[in-house]
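I need the structure of the sequence given here:
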Amino acid sequence: MIALAKVLKVSADELLGLRPPKIERAHDGPETRRLWKRFQMMAELPEKDQRAVIRLINSLVSLSARHRLRKAG
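Numbers count the residues shown, from 1 in each chain. So this is what the prediction gives:
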């Protein structure tokens, strides 16, 4: 989730709806706005499904980081 927050340039609390966004989303590109909207929709899912989505995101981000390290090394 931390990686997603970085991509969207928000805090984890903002992603989870615990805090309102600090910045206006209108300055973001269309892909970032699309991801932000999807993540907000995810917040409406049952908690079990939310955890599954977060696990999937974490797995993909971790896998991507490992691939980048292999290419750099």
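
when you work out contacts or count neighbours from here on, use the C-alpha atoms and nothing else.
Will do.

so which bits of stretch 51-60 are buried?
Judged by neighbour count (16 or more other CA atoms under 10 Å), stretch 51-60 contains these buried residues: Val53, Ile57, Asn58.

just to check, the last one is in contact with Arg51?
I take that to be Asn58. No - the pair formed by Asn58 and Arg51 falls short of the contact definition of CA atoms under 8 Å, at 10.4 Å.

what packs against the top helix by length along the chain?
Once the chain is assigned using DSSP state H, the helix that runs over the most residues is helix 47-72. Packing contacts for helix 47-72, counted by 3 or more CA pairs under 8 Å, 6 or more residues apart in numbering; DSSP states H and E, involve helix 2-8.

quick one: contacts of the very next helix or strand once past the helix it packs on?
Toward the C-terminal end, the helix or strand that comes next after helix 2-8 (DSSP states H and E) is helix 12-15. If you take CA atoms under 8 Å, 6 or more residues apart in numbering as the criterion, helix 12-15 is touched by Met1, Ile2, Ala5, Arg19, Pro20, Pro21, Phe39, Gln40.

possible to save the residues you listed as CSV with distance to His67?
CSV is the format used below for these (distance: CA to CA, whole Å):
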residue, distance to His67
Met1, 19
Ile2, 18
Ala5, 20
Arg19, 33
Pro20, 34
Pro21, 32
Phe39, 25
Gln40, 28
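
tell me, how many residues neighbour Asp28?
Look at Asp28: counted by other CA atoms under 10 Å, it has 14 neighbours.

typo on my end, it should be Glu31
As a measure of burial, Glu31 has 10 neighbours, counting by other CA under 10 Å.
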